[in-house]
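Trainee: Test case, fold it:
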Amino acid sequence: MTTKFDPNNAQNLIEIEKQFAVKAVEHAQTYWNLLEKVNPRDLRLTKIDDEIFEHTMLDFPELAQEPYDKLTVLDEEWMKSPEGKERWRKFIQAYEKKIKDYNFGSLIRTDSRDEYGERNTIFVTRIQFYAFEIARNRLGLNDRAHELAKAEAEKEKEKKEKEKAKKKTNGK
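Mentor: I've put the predicted structure just below:
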């Protein structure tokens with residue numbers, strides 16, 4: 001007799017959740033580093049960015065309305081409402097065979113004008129991350145984040161240079 005796998009009773013569930021969390025954080029850090037180095041308007045996240053952008057704007061016309069408030073600041077309640085869940089479920093399923101790890105968890109900034117942080121981050125699927133971030137990049141909504149990431153990297157570089165100079169002076 002074969003028993004069906006029950007993830008709620010899996011022995012290593014906590015360990016698996018930790019691994020997913022680590023992957024999500026690594027993905028967020030990689031993306032933030034990309035925002036620092038590449039102008040968001042020139043950034044390509046997948047081979048099918050054009051298709052994802054057009055599909056997002058078609059299925060979610062409220063995201064395409066200027067001044068793009070629903071893209072600038074994500075409304076988690078809207079996404080998780082019964083109607084929102086159904087709309088997103090249909091959207092997500094369209095990428096099952098097109099995007100690797102399309103339904104993996106990813107961290108996204110709720111406010112595109114700010115960096116990742118405890119109060120500015122929610123968990124979404126990978127394809128939702130792509131849908132929002134491709135749109136934000138194309139519409140210039142990540143320009144401020146790009147400038148923030150560059151400034152943050154510059155401060156970090158200066159700090160390291162000061163520490164290096166301090167070590168040289170103390171070492172002599």
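Trainee: Excluding chain neighbours, what is closest to residue 48?
Mentor: Nearest in space to residue 48, with sequence neighbours left out and distances taken as Cβ to Cβ, 6 or more residues apart in numbering, is residue 98 at 6.3 Å. Every residue, glycine included, has its C-beta placed from N, CA and C.
Trainee: so is the one you found in a helix, a strand, or just coil?
Mentor: Of the three states, residue 98 takes coil under DSSP: H, G, I helix; E, B strand; the rest coil.
Trainee: from memory it sits against residue 55, does it?
Mentor: No. Taking contacts as Cβ atoms under 8 Å, residue 98 lies outside contact range of residue 55: 10.3 Å.
Trainee: Look at these two and report which has more neighbours.
Mentor: Taking other Cβ atoms under 10 Å, residue 98 and residue 55 do not tie; residue 55 has more neighbours (16 against 13).
Trainee: The more buried one contacts residue 92, doesn't it?
Mentor: No. The criterion here is Cβ under 8 Å, and residue 55 misses it with residue 92 at 10.9 Å.
Trainee: Mind listing the shared neighbours of those two?
Mentor: Shared contacts of residue 55 and residue 92, defined by Cβ atoms under 8 Å, 6 or more residues apart in numbering, are absent.
Trainee: Show me what counts as buried in the longest helix along the chain.
Mentor: Taking DSSP state H as the criterion, the chain has its longest helix at helix 143-171. For helix 143-171, the neighbour count (16 or more other Cβ atoms under 10 Å) marks 143-146, 148-149 as buried.
Trainee: looking only at pLDDT, what's the mean for that helix?
Mentor: What helix 143-171 shows for mean pLDDT is 88.
Trainee: Stretch 84-96 too?
Mentor: Rounded mean pLDDT across stretch 84-96 is 97.
Trainee: Give me the residues contacting it.
Mentor: 52, 55-56, 59-60, 78-79, 102-103, 125, 127-128, 131.
Trainee: Would you check which pair of these lies furthest apart?
Mentor: 78 and 102 (21.1 Å; Cβ to Cβ).
Trainee: So for these two, which sits in the more crowded spot?
Mentor: residue 102 (19 against 13).
Trainee: Please identify the helix or strand for the spatially most central residue of the chain.
Mentor: Nearest to the mean C-alpha position of the chain, counting by Cα atoms, centre = their mean, stands residue 108 at 3.6 Å. Assigned by DSSP states H and E, residue 108 belongs to strand 105-109.
Trainee: what's that strand packed up against?
Mentor: helix 13-37, strand 121-125, helix 126-138 (3 or more Cβ pairs under 8 Å, 6 or more residues apart in numbering; DSSP states H and E).
Trainee: For the next helix or strand after the longest one, which residues meet the burial criterion?
Mentor: In the C-terminal direction, the helix or strand that comes right after helix 13-37 (DSSP H and E) is helix 49-59. Of the residues in helix 49-59, those buried by neighbour count under the rule 16+ other Cβ under 10 Å are 49, 52-53, 55-57.
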